[in-house]
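Asker: sequence unknown, structure follows:
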């Protein structure tokens, strides 16, 4: 196994844990919607970085999903279809984590974020099937 694929697998494992965290929280009696949204954003970010690593590309150290997407587009034009899903997730990287800019996402926000993260996973599975 190449070093690139090993790094990509590590990113993929971490992303899977983020989705598991979101899914487990969504099943809870008391749901921390901000946490669900945050982990959905994190999962998408890690799927995108896993893709770049799996293709032997460097990835930017950032939470900006559009910046990461810009690194992917030259090697996979289909990734442009992720823009709407990424736009849903971008605010959940930083804005909801700190009390000065804080707001509590709703259940609908959390479900939308989980769906968006699922779309990124689906794209990743199709774009880099050798990882599965």
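Answerer: Looks like it came in fine. These numbers come from a predicted model, not from an experiment.
Asker: which regions of the protein sit below the pLDDT cut-off?
Answerer: Residues of the chain meeting the criterion pLDDT under 70: 1, 97, 101-102.
Asker: Identify the residue nearest the geometric centre of it.
Answerer: residue 44 (0.8 Å; Cα atoms, centre = their mean).
Asker: secondary structure element for that one?
Answerer: Assigned by DSSP states H and E, residue 44 falls within helix 33-54.
Asker: what's the spacing between that helix and its chain's center?
Answerer: 2 Å (Cα atoms, centre = their mean, to the nearest Å).
Asker: follow-up on the earlier one: so the residue nearest to the centre of the chain is in contact with residue 116, correct?
Answerer: Yes. Counting by Cβ atoms under 8 Å, residue 44 touches residue 116, with 7.0 Å between them. All C-beta atoms are positioned from the backbone trio N, CA, C, and that covers glycine.
Asker: between those two, what contacts are shared?
Answerer: 85-86, 89 (Cβ atoms under 8 Å, 6 or more residues apart in numbering).
Asker: Could you identify the buried members of those residues?
Answerer: Burial by neighbour count, 16 or more other Cβ atoms under 10 Å: within those this picks out 85-86, 89.
Asker: wait, which of those residues is closest to residue 18?
Answerer: residue 89 (11.2 Å; Cβ to Cβ).
Asker: Would you mind pulling the contact partners of the top helix by length along the chain?
Answerer: Ranked by number of residues, the top helix in the chain under DSSP state H is helix 3-26. Residues outside helix 3-26 that contact it (Cβ under 8 Å, 6+ apart): 31-32, 35-36, 39-40, 42-47, 49-51, 53-56, 110-111, 113-114, 117-118, 121, 124, 128, 130-131.
Asker: just the angle between that helix and helix 33-54, please?
Answerer: If you take axes from the mean of the first three to the mean of the last three Cα atoms, to 10 degrees, helix 3-26 sits at 170 degrees to helix 33-54.
Asker: buried sites along helix 3-26?
Answerer: Within helix 3-26, the residues scored as buried using 16+ other Cβ under 10 Å are 5, 7-8, 11-12, 14-15, 18-19, 21-22, 25.
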